[in-house]
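# A structural model of the following input is requested.
(2 chains)
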Amino acid sequence: MWETLAQAVINGLLIGGIYALVSIGVTLIFGVVKIVNFAQGEFVMIGMYISFFLANQFGIDPIVSLLISMPVLFVAGMLIQHFLIRRVLGPNDMPQIFLTFALSLLLLNLALMLFSANYRTVHTSYSDEAFHIGGLYIPVAKLIAFVVAMGLSGALWVFLHTTDLGKAMRAASQNKDVAMLMGINPNRVFAVAFGAALALAGAAGSLLMPFYSAYPFVGQVFVLMAFVAVVLGTLGNVIGALVASLMMGVAESLGIQFVGADSGLIVVFAMLLLTLAFKPTGLGGGRAR
Amino acid sequence: MISMRNLILLVLGLAILIALPQVVTSSFAIDIFIRILLFSFIGVAWNLMGGYAKQLSLGHAAYFGLGAYTSTILQIDFGISPWIGMVAGGVVAMLASLPIGWLCFRLRGPYFTIATIATAQALMLIFLKFRDFAWGAEGTTIPNLGSAPLMMQFESKPSYYYVVLGLLALGLLITWLIERSWMGYYLVAIGEDEDAAEAIGVNAPKMKRDIYMISAFLTALAGTFYTQYIYFIDPATAFSFSISIEAALVSIVGGIGTLWGPVIGTVLLETTSALLQSWLGSSIGGIQLTVYALILMAVILWRPTGLIGVATEAYQRYVRRHPARA
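Numbers count the residues shown, from 1 in each chain, chains lettered A, B, ... in the order given. Below is the predicted model of the structure:
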């Protein structure tokens, strides 16, 4: 019993690390640019396909290909912010919601046209390896993904708190007008925030590739999880999103273990609805908006 | 009230729409007309809440599915006519909108949208899981009774066309009445700035709840009609995310928060989709939604007021150049 429980918690934490990369991206964009990026999951999907093709064509290990998927998506994010998102910023929600939603729809269906709905997998030397500690089973690929994900999250935190650009981003997220008066260029800050968020999504995709299949709809799983985690962890809060993502991973895994294999999503929706019913401002407090 | 010219236009348009299935007899064409009328109607229902009050739901499939399932369960398990089931489905959807609205309206803007997506998905999962009372994932076919107008089953496609034309007329009439009432002005005020509307005494939570109920009721009617039309129901079609998407899309492309916007948007999108299908066949998956996404992006970036906005601007330019003739 305890071993099953411990195993479920470990599985949940390991996948929760990936959820965290996606959620931190969503919450970073929400905090700084003040929009919700409905297309975040599609960038995880793109990261997966980048790693898949690099592994397939050039034999590059998916985890190493993170060094390519992250910069590619960073640049893509800056361009998207500059040419698309920038044009709809303002008090009106409708264009913001439906622009990123249209982007999600576009990328998903383009992927469907280009790559078909087939599942793509990459088999690495460590895909089947696992550590056995006591009665517990820790797959190497998931452990690497978790460790790298935590490292990237930590790096983002350090970036936001120690570098000038990071501090400018936090300032712009707190009060854009005052930040501008202090000489911060909001367009540059927004572009970096969007780029960084997409780079994290790309990293999530590459890290998933050794143990997860790529297919056009794959991003939807992760983005739903991220949205719930971001509400749960208080909108715009990076640490909150990280903690909530790990909790979501554990909750999903416990649901699969004790309720049934197809109940993971039900647990996620139940958590969202409970959060909305009892703590709509998230676990960290603050205003719902 | 209606001006004489508009009344003539309305009667003329209605006459053409009634005559249309008698003149065009190709069943492929009538099928497309039915789709256009159906999605116009769903768009009109969505637009009441999403367009006027700017509560941008992407979860209207929840009510479409509840309507479809209520009438089908009543028909198959109790032998009750879908005409009654349709109204019952509407009432079920209205009641369901109360707790769903209570949860989702706690959030504003994009997070309201996400919460509505989650509720529709959760309902789909529930209907997938409980196979004893709603046939689970495999769904069920509707027993074909041949020509049975009292059971909403017809042998000719034009009859279905007239049913859905009636639904659309109902939806437009309700929208027209609301647009001209105090409720309409309150809703637009909420859509412009909810806090400001509350400050001048608009009871925003009550207004949002009421319009959500009306919108859910109408969407459920569409669900019943669609199930009767295709003689089949399963959770994946009844609660399909693409229904939620199309409801919002047609309104935004046509002109959000306007009476005719959803209709114009549907005509454009469904015609595009039919043309794509006849040119390319259904061989390339994803092409239809790719094109929809591009149209949506173009509208949002260049003409956020939709096609109605484009037409209004053009008309005003024309009037300015030719003041005598207007």
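# so where does B:R108 fall, helix or strand?
In this structure, B:R108 sits in neither a helix nor a strand according to DSSP states H and E.
# Tell me how far it lies from A:M48.
Here the distance between B:R108 and A:M48 works out to 33 Å (C-beta to C-beta, to the nearest Å). Quick note: C-beta positions are derived from backbone N, CA and C, even for glycine.
# Those two: who's more crowded?
Counted by other C-beta atoms under 10 Å in any protein chain shown, B:R108 and A:M48 do not tie: A:M48 has more neighbours, with 28 against 15.
# Angles on the backbone of A:H132, please.
Dihedral pair for A:H132: phi -110, psi 110, per degrees, to the nearest 10.
# Need the pLDDT of it.
A:H132 is assigned 84 on the pLDDT scale.
# number of nearby residues for it?
In terms of burial, A:H132 registers 8 neighbours under the definition other C-beta under 10 Å.
# neighbours around A:V140, how many?
Quick note: A:V140 (other C-beta under 10 Å) scores 17 neighbours.
# So it sits against A:T124, correct?
No - with contact taken as C-beta atoms under 8 Å, A:V140 and A:T124 are classed as non-touching, separated by 9.3 Å.
# can you pull out the strands in the stretch 1-150 of chain B?
Applying DSSP state E, counting those that start in this stretch to the stretch 1-150 of chain B gives strands spanning B:140-141.
# for chain A, that is, sorry about that
Per DSSP state E, chain A has strands spanning A:130-133, A:136-139. These are given in chain order.
# which residues sit against the last one?
What that stands for is strand A:136-139. By C-beta atoms under 8 Å, 6 or more residues apart in numbering or on different chains, the residues outside strand A:136-139 that reach it are A:E3, A:A6, A:Q7, A:I10, A:L14, A:E129, A:A130, A:F131, A:H132, A:F211.
# burial of the second one, as a residue count?
Number of residues near A:A6 (other C-beta under 10 Å) recorded here: 13.
# which residue is nearest the centroid of chain B?
B:I42 (0.8 Å; C-alpha atoms, centre = their mean).
# Next, the contact list for it, please.
Under the criterion of C-beta under 8 Å, 6+ apart, the contact list for B:I42 reads B:H60, B:F64, B:T219, B:A222, B:I243, B:E246, B:A247, B:V250.
# Kindly reformat those as CSV and extend each row with neighbour count, secondary structure and distance to chain A.
CSV is the format used below for the contacts of B:I42 (neighbours: other C-beta atoms under 10 Å in any protein chain shown; DSSP: H, G, I helix; E, B strand; the rest coil; distance: C-beta to the nearest C-beta, whole Å):
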residue, neighbour count, secondary structure, distance to chain A
B:H60, 30, coil, 14
B:F64, 31, helix, 19
B:T219, 33, helix, 19
B:A222, 32, helix, 22
B:I243, 26, helix, 14
B:E246, 26, helix, 11
B:A247, 30, helix, 13
B:V250, 29, helix, 12
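# and the two most separated of the residues you listed?
B:F64 and B:V250 (14.0 Å; C-beta to C-beta).
# hang on, the earlier thing: name the member of the contacts of strand A:136-139 with the most neighbours.
Counting by other C-beta under 10 Å, top hit in the contacts of strand A:136-139: A:L14 with 24 neighbours.
# Just give the nearest non-adjacent residue to that one, would you?
Among residues not flanking A:L14 along the chain, A:K142 sits closest, at 4.2 Å (C-beta to C-beta, 6 or more residues apart in numbering or on different chains).
# how close does that neighbour get to A:L54?
When distances are taken as C-beta to C-beta, A:K142 and A:L54 turn out to be 20 Å apart.
# next one: B:G223
When distances are taken as C-beta to C-beta, B:G223 and A:L54 turn out to be 45 Å apart.
# Output the below-cut-off pLDDT ranges for the stretch 201-326 of chain B.
Residue ranges of the stretch 201-326 of chain B with pLDDT under 70: B:281-284, B:324-326.
# Now do the strands for it: every range, in order, please.
B:232-233.
# Give me every residue in it lying close to chain A.
Contact residues (C-beta under 8 Å from any C-beta of the partner chain) of the stretch 201-326 of chain B with chain A: B:245, B:248, B:252, B:256, B:284-290, B:292-294, B:296-297, B:300-301, B:304.
# looking at it, B:E198 is touching B:K206, isn't it?
No - under the criterion of C-beta under 8 Å, B:E198 lies out of contact with B:K206, with a separation of 10.9 Å.
# Mind checking which of these two has more residues around it?
Counting neighbours by other C-beta under 10 Å for B:E198 and for B:K206 shows that B:E198 has the greater number, 15 against 10.
# The closest residue to chain A within the stretch 1-150 of chain B - nearest residue in space that isn't next to it in sequence?
Closest contact between the stretch 1-150 of chain B and chain A, by C-beta to the nearest C-beta, is at B:P110 (3.6 Å). By the measure of C-beta to C-beta, 6+ apart, the closest residue to B:P110 outside its immediate chain neighbours is A:V36, 3.6 Å from it.
# I'd assumed B:I114 was in contact with that neighbour.
Yes - counting by C-beta under 8 Å, A:V36 does reach B:I114; the two are 7.2 Å apart.
# which residues do the two both contact?
Listed as contacting both A:V36 and B:I114 by C-beta under 8 Å, 6+ apart are A:F227.
# Tell me how many other residues crowd the closest residue to A:H82 other than its chain neighbours.
Nearest-residue entry for A:H82: A:A191, 5.6 Å, with adjacent residues in sequence omitted and distances by C-beta to C-beta, 6+ apart. The number of residues packed around A:A191, counting by other C-beta under 10 Å, is 21.
# I figured A:A191 hits A:V75, correct?
No - in terms of C-beta under 8 Å, A:A191 does not count as a neighbour of A:V75; the distance is 10.1 Å.
# all helices for the stretch 151-300 of chain B, in order.
For the stretch 151-300 of chain B, the helices identified by DSSP state H, counting those that start in this stretch occupy B:157-179, B:182-192, B:194-199, B:204-230, B:235-238, B:241-254, B:261-280, B:287-302, in order along the chain.
# And for the stretch 1-150 of chain B?
Counting by DSSP H, counting those that start in this stretch, the stretch 1-150 of chain B forms helices over residues B:4-23, B:27-47, B:61-78, B:82-104, B:110-129, B:131-134, given from the N-terminal end onward.
# Helices along chain A, start to end?
A:2-32, A:40-58, A:66-83, A:93-115, A:140-162, A:164-174, A:176-181, A:186-208, A:218-232, A:238-258, A:264-278 (DSSP state H).
# In JSON lines: the ones you listed, plus mean pLDDT.
Output for the helices of chain A, formatted as JSON lines (pLDDT from 0 to 100):
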{"stretch": "helix A:2-32", "mean pLDDT": "90"}
{"stretch": "helix A:40-58", "mean pLDDT": "94"}
{"stretch": "helix A:66-83", "mean pLDDT": "95"}
{"stretch": "helix A:93-115", "mean pLDDT": "91"}
{"stretch": "helix A:140-162", "mean pLDDT": "92"}
{"stretch": "helix A:164-174", "mean pLDDT": "86"}
{"stretch": "helix A:176-181", "mean pLDDT": "81"}
{"stretch": "helix A:186-208", "mean pLDDT": "93"}
{"stretch": "helix A:218-232", "mean pLDDT": "86"}
{"stretch": "helix A:238-258", "mean pLDDT": "88"}
{"stretch": "helix A:264-278", "mean pLDDT": "77"}
